[in-house]
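Trainee: When you get a sec, could you give me coordinates for this:
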Amino acid sequence: MHEQNPVIEKAFVKNFAELSPDELYAIMHARSAVFVVEQQCIYQDADGYDRQALHVVIPHEGMLGGYCRILPPGAKYAEWSVGRVLTLGTARGRSLGHMLMTTALDTVAVRGGGDIRISAQAYLQRFYEHHGFVCIGDAYLEDNIPHIEMLRTA
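Mentor: Numbers count the residues shown, from 1 in each chain. Now for the predicted structure:
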């Protein structure tokens, strides 16, 4: 599927120290564009977790097309966590979200595996269920957006 779209490049995974200033800027710009501007959600994006995270980027047409971060067990939850999952509007409709999640799940598996807990925007429940996550609670508001807690067991 991805070979048919040559503008989508291979995902890369880097820890915070490995990110170049340009890569970090692109990540922060994308997170702001999607979560703050597009979703009109005012919140503190620089939450102190980025330095402990693994950052997954999928380039698209020479720029950042998709992104997520992986937090190790004990950083946010007792389990691994995947968050800040996004695809920029210019790259949507090309399965980048699924590529991001597959890369994140593979990365966790390579680094010892284990359960993964997420706080998902509620409208994306089916997307995450497709990747093996199940709801483990009722919907709640986080930054004024409905969310659900989900778990993927190893």
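
Trainee: Please point out which parts of the helix or strand containing H29 sit buried.
Mentor: Here H29, judged by DSSP states H and E, is contained in helix 21-31. Across helix 21-31, burial judged by 16 or more other C-beta atoms under 10 Å covers 23, 26-27, 30-31. Just so you know, the C-beta spots here come from the backbone N, C-alpha and C atoms, and that holds for glycine as well.

Trainee: just stretch 55-62 next, same as before
Mentor: So, applying 16+ other C-beta under 10 Å, buried residues of stretch 55-62: 55-60.

Trainee: JSON lines for these, including distance to D143, secondary structure and pLDDT?
Mentor: Formatted as JSON lines, these follow (distance: C-beta to C-beta, whole Å; DSSP: H, G, I helix; E, B strand; the rest coil; pLDDT from 0 to 100):
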{"residue": "H55", "distance to D143": "21", "secondary structure": "strand", "pLDDT": "98"}
{"residue": "V56", "distance to D143": "22", "secondary structure": "strand", "pLDDT": "97"}
{"residue": "V57", "distance to D143": "23", "secondary structure": "strand", "pLDDT": "96"}
{"residue": "I58", "distance to D143": "25", "secondary structure": "strand", "pLDDT": "94"}
{"residue": "P59", "distance to D143": "28", "secondary structure": "strand", "pLDDT": "92"}
{"residue": "H60", "distance to D143": "26", "secondary structure": "strand", "pLDDT": "89"}
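
Trainee: which secondary structure elements does the longest helix along the chain contact?
Mentor: The longest helix of the chain (DSSP state H) is helix 96-110. When contacts are defined as 3 or more C-beta pairs under 8 Å, 6 or more residues apart in numbering; DSSP states H and E, helix 96-110 packs onto strand 54-60, strand 63-71, strand 80-87, helix 125-130.
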